[in-house]
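Undergrad: Sequence first, predicted coordinates after that:
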Amino acid sequence: MAIFFLLLSLTEINGQNTVKGIILDDDSRELLKGVFVQIKNTSISQTSDLNGAFLMKSSQGGKFVLEIKFAGYETQNIPIELSGNVLDLGKIFLFKEVLELQDLSFITLTDDELNDDASSADNISGLLQSSMDIFLRTAAFEFSASFFKVKGFDSSHGKLLINGIEMNKIYNGRAQWSNWGGLNDVLRNQEFRNGLSPSNDTFGGLLGSTNINTRASEQRPGVRISYSSSNRSYQHRIMATYSSGMLKNNWAYTISGSRRYGNEGFNEATSYNAYSMFTSVEKKINDKSSVNFTGIFTPNRRGKSSPNTQEVYDLKGIKYNDYWGFLNGKKINSRIKEVNEPILLINHYWNFSRSTSINTNIAYQFGKIGNSRIDYNGGANPSPTYYQNLPSYFLRNGDFEGAYTTQKRFLNHGQIDWLRFFDANMTTKNSGLENAYVLYEDRNDDKQFTINTIVTSEVNENISLNGKIEYKRLRSQNFAKIIDLLGGDTYLDIDPYGATEEEKQNNLLSPNRYVTKGETFKYNFNLNSDIIAAFVQAQFNYNSIDFYTALYLTSTSYQRVGVYQNGGFPENSFGPSKKKKFMNYGFKLGATYKFTGRHLLDLNVAYLSAAPTIRNTFSNSRENNNLVLDLQSEKILSTDISYVFRNSIFTSKVTAYYASIKDATEISFYFADGVGGDNSAFVQEILRGINKKHLGLEVGLEAQITASFKLKGVASFGQFTYDNNPLLYLTTESDTASLAAGFVDGFKDFGEVQLMNYKLATGPQKAYSMGFEYRDPAYWWFGATVNIFGNTFIDISPLNRSRNFYMDDDGLPFIEYNTETVKTLLTQEKFDKYSVVNLVGGKSYKINKYYISFFATVNNLLNKTYKSGGFEQGRNANYRQVLEDKSLDKPIFGNKYWYGRGATYFMNINVSF
């Protein structure tokens, strides 16, 4: 605590000119907290406090314009003159804005791209949509459909909080946006902190933090009803919200609900069925203290879409999805993601004194996440794009007739054959045998408890201190569960690929068990985690310079507890694993120097360590207790410098950044041919000691040509690469096949992997946007942008850059190995550059007390076709097999891709009063 006493001893620096006022809602006369107030063309700004008040000091005198901004309200520009005295503006009333651009952004982001959990679709847009920064707003609204990642980071590097409680999942570090999807009306109150900049609620991440405030008293009072239509994820959405505001009896409450549904989004059979319910109730105990309860419940089900090879896309188009088939005349998707995780929060707000506030927050989240798929112990692979079901398989063997017949069948059908599964199961049932096929789901049933206390204290007008202490407890059940027997009676719970009777058993405690609908099978284990964290921060604000420093400490523990005794790992699967513990720390500091009110320089630097996620801690948690060997915390160094220029017409910002991540770990699962020669195995690929480098430049420019017309432009130049040759090893079951492939007790070390300077698969590493926005005084508006993307790369296969690639089963290089050919085979695929045009527009009315607005967007107006992501398949694992496959006109195990959506639209109409 010595740092606190040191900071408390610092003296304040007083300004010469003071302007103050109180901001209220024009309709309700409610005080407005968090309103952004700025003396234009200077660096002096503030947000209004709990009482709607602001007070700012400036060393400069003269005539200025005071700009007052608040989401959902019209911006006020008030001429002022500072002459060395206190200028009291008294009560300032804000009028509700009919045009609500944030609604557009929040709908299209949280309901759309952010719902997908596929690796290609991980997106940080939701963390950015409340930012006022031109570059970040463009990244959120214009770049999101291309899965652009700011600075090349995924969403785990940004912290998402609700009422001061971090919502990023402990399992993978990412926020599960569908946990609060469809609640746009009540999630508008957000505080975004960009990058390393300080937040009062969290140390933050490399991408910053967003804190969503659901406090009932701070929701906009009134009723809001809306309807939306789209062809992206869902087809229809209806939503209604009511907020009471603070009543005379010192109670406030908000209720909101929505329904989103559709049989099909842009991709085939991607059904969508979601309900959302929200309630927030606040009791004002006295002038200093209040308690708020928030409940969020958003059960949702949606159909997934498949990545495919180019051969498949050429035959069926970019909307094709191999996960579905017709059943009783309806499209039935076999891969459904169901999320049902209610969130309960209790928050106590206490203004301990005029300068100190203490917030205590408790959250409990529970429920389930299920991902369905087909299991086939006794049947053939059900996928219509299984390599033996495609023309390329027959062309490889010169069977042109077979290729023609297969192509014709795939073009005419090419979907899952549900009736075949039912027929197979009915046949085995009549023969007294178990099912060949079942529909099941992989389940994660989490229970997470979080409690924290956040203290904020203003030492004087120039110095503020923040502190937080937090405890998290996760108890996660993980298992497979049968959903539907598909016409059969029972299913044998074994691993059909096991070499011996023991190795076939998924659970030696109950061997050769027959299971039925609703029962667990395949795997069953628990994951436990306990995290204690704390951070302290000091912020200093003076006329010519602002600076801050922050420090955090965390203690993290993980443990697996096996419920089943797996036959492939009989000694290391049942019961508790060793408890893995990590101690981590981080610090950051930064400063903003104000040359003048128009020229600013901002610098930030941070060094931190971070525990690996649970996902990257256990090498194969479904089957055993094995920890990743020599597992380390990630070490991260990050710095950025920005120059800001602004005047009455132009606002611009240029940012240069560099970040280094060391000792990262990644785990992949796949079936590989050619491991140790011509052998095959289902493997877990553990890549450890990974170093990554992120560097680049961000440019944003806005020009307010007239009061109604604005030009804007953005550019991002990034270079995101592997920065070393990490270590790789494979694990698998210890059996005859793995021994033949050179595994010892299911383990095989491949040493260094040649990844240095390969590009990271982070979406476009170059992106540009140019556009305009027109807002007419008659309350209609229109905008258009042209967005250009380039330097998008495939996600490479590490195993193919290891010594396994060139070693034959005799331990010597392949006789036909050619280094020049290898360079061609292992060249990382770079996708074609592409551009998309987006349009947005709307019209609003005020009729008596009713606000009516309509807006619509069209993305990818010209219907451009482009690859948004993809990965090299790991099936071919050595030189001989890759060379043979890539020599074909249509590779059998070619790269798999995700394509961006074609032309899509979103329309919304809403009424509020």
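TA: Received it, and whenever you're ready, just let me know what you need.
Undergrad: Just the buried positions in stretch 212-231, please.
TA: Within stretch 212-231, the residues that count as buried by 16 or more other C-beta atoms under 10 Å are 212-222, 224, 226, 228, 230-231. (Glycine included, C-beta is placed from N, CA and C.)
Undergrad: Let me see the mean pLDDT of that stretch.
TA: Over the span of stretch 212-231, the pLDDT mean works out to 93.
Undergrad: for stretch 150-164, same thing?
TA: 94.
Undergrad: quick one on the thing from earlier: check the buried residues of stretch 212-231 and tell me the two furthest apart.
TA: Spatially, the most separated pair among those is Ser217 and Asn231, at 38.3 Å (C-beta to C-beta).
Undergrad: Bridge partners for Val455, pull those for me.
TA: Ile358, Gly467 (DSSP bridges).
Undergrad: now that we're looking at it, how far away is Ala550 from it?
TA: 14 Å (C-beta to C-beta, to the nearest Å).
Undergrad: Asn200 too?
TA: Distance from Asn200 to Ala550, by C-beta to C-beta: 11 Å.
Undergrad: so what's in contact with those two at the same time?
TA: Residues touching both Asn200 and Ala550 (C-beta atoms under 8 Å, 6 or more residues apart in numbering) are 466, 537.
Undergrad: Next, count neighbours for the nearest residue to Gln765 once chain neighbours are set aside.
TA: Counting by C-beta to C-beta, 6 or more residues apart in numbering, Asn791 is the residue found nearest to Gln765 once chain neighbours are left out, at 3.9 Å. Here the count is done by other C-beta atoms under 10 Å, and Asn791 has 18 residues near it.
Undergrad: Likewise for the one 4 residues further on?
TA: Residue crowding around Asp795 was assessed by other C-beta under 10 Å; the count is 21.
Undergrad: who's in contact with the nearest residue to it once chain neighbours are set aside?
TA: Using C-beta to C-beta, 6+ apart and skipping residues adjacent in sequence, the residue nearest Asp795 is Ala761, 3.6 Å away. Taking C-beta under 8 Å, 6+ apart, we find Ala761 in contact with 793-796, 869-871.
Undergrad: Distance of Ala761 relative to Asn910?
TA: For Ala761 relative to Asn910 (C-beta to C-beta), the value is 38 Å.
Undergrad: next one: Asp375
TA: Applying C-beta to C-beta to Asp375 and Asn910 gives a distance of 45 Å.
Undergrad: Give me the more crowded residue out of those two.
TA: Ranked by neighbour count (other C-beta under 10 Å), Asp375 and Asn910 place Asn910 first, with 22 against 19.
Undergrad: what's across from Thr592 in the sheet?
TA: Beta-bridge partners for Thr592, by DSSP bridges, are Asp546, Asp602.
Undergrad: for Gln684, same thing?
TA: Counting by DSSP bridges, the residues bridging with Gln684 are Phe669, Thr731.
Undergrad: In the stretch 301-450 of the chain, what residue spans correspond to strands?
TA: 308-309, 324-327, 330-333, 336-340, 343-350, 356-366, 368-375, 438-458 (DSSP state E, counting those that start in this stretch).
Undergrad: circling back to that earlier point, quick one: which of the buried residues of stretch 212-231 is nearest Phe772?
TA: Nearest to Phe772 among those, with distances taken as C-beta to C-beta, is Ser230, at 24.3 Å.
Undergrad: Return the set of buried residues in stretch 230-238.
TA: Buried residues in stretch 230-238 (16+ other C-beta under 10 Å): 230-235, 237.
Undergrad: possible to save the residues you listed as TSV with distance to Leu697 and secondary structure?
TA: Formatted as TSV, these follow (distance: C-beta to C-beta, whole Å; DSSP: H, G, I helix; E, B strand; the rest coil):
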residue	distance to Leu697	secondary structure
Ser230	34	strand
Asn231	36	coil
Arg232	31	coil
Ser233	33	coil
Tyr234	37	coil
Gln235	40	coil
Arg237	38	strand
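Undergrad: low pLDDT regions in the stretch 51-200 of the chain?
TA: For the stretch 51-200 of the chain, applying pLDDT under 70 flags the ranges 72, 96-132.
Undergrad: 90 - rerun?
TA: Under the criterion pLDDT under 90, the flagged ranges of the stretch 51-200 of the chain are 51-52, 56-147, 155, 176-177, 188-192.
Undergrad: Just to check, Asn371 is in contact with Lys337?
TA: Yes. Using C-beta atoms under 8 Å, Asn371 is in contact with Lys337, at 5.3 Å.
Undergrad: Name the residues contacting each of the two.
TA: Lys304.
Undergrad: residues touching Phe535, list them.
TA: Here Phe535 is in contact with 202-203, 466-468, 550-553 (C-beta under 8 Å, 6+ apart).
Undergrad: gap between the two ends of stretch 155-172?
TA: 10 Å (C-alpha to C-alpha, to the nearest Å).
Undergrad: so how far is it from its chain's centroid?
TA: Its chain's C-alpha centre and that of stretch 155-172 lie 10 Å apart, by C-alpha atoms, centre = their mean, to the nearest Å.
Undergrad: Can you list the buried residues in stretch 803-811?
TA: Quick answer for stretch 803-811 (16+ other C-beta under 10 Å): 804-805, 807-808.
Undergrad: any chance of those residues in JSON lines, plus pLDDT and distance to Gly182?
TA: Shown next, in JSON lines, are the buried residues of stretch 803-811 (pLDDT from 0 to 100; distance: C-beta to C-beta, whole Å):
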{"residue": "Asn804", "pLDDT": "91", "distance to Gly182": "47"}
{"residue": "Phe805", "pLDDT": "92", "distance to Gly182": "47"}
{"residue": "Met807", "pLDDT": "87", "distance to Gly182": "53"}
{"residue": "Asp808", "pLDDT": "85", "distance to Gly182": "56"}
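Undergrad: now those residues as JSON lines including secondary structure and distance to Asn389?
TA: Shown next, in JSON lines, are these (DSSP: H, G, I helix; E, B strand; the rest coil; distance: C-beta to C-beta, whole Å):
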{"residue": "Asn804", "secondary structure": "helix", "distance to Asn389": "28"}
{"residue": "Phe805", "secondary structure": "helix", "distance to Asn389": "28"}
{"residue": "Met807", "secondary structure": "strand", "distance to Asn389": "32"}
{"residue": "Asp808", "secondary structure": "coil", "distance to Asn389": "31"}
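Undergrad: picking that back up, looking only at neighbour counts, state which of Val455 and Ala550 leads.
TA: When Val455 and Ala550 are compared on other C-beta under 10 Å, the one with more neighbours turns out to be Ala550, at 22 against 18.
Undergrad: Contacts only, for that one.
TA: With C-beta under 8 Å, 6+ apart, Ala550 has these contacts: 198, 203, 466, 535-538, 587-589.
Undergrad: partners of it in the sheet?
TA: With DSSP bridges as the rule, Ala550 is bridged to Gln537, Lys588.
Undergrad: what does the one 10 residues further on give?
TA: According to DSSP bridges, the partner residues bridging Arg560 are Leu527.
Undergrad: Run through the residues that contact it.
TA: 525-528, 576-577, 618, 621, 625.
Undergrad: what distance separates the start and the end of stretch 813-823?
TA: Across stretch 813-823, first to last residue, C-alpha to C-alpha, it's 16 Å.
Undergrad: For it, buried residues please.
TA: In stretch 813-823, counting by 16+ other C-beta under 10 Å, buried: 814, 817, 822.
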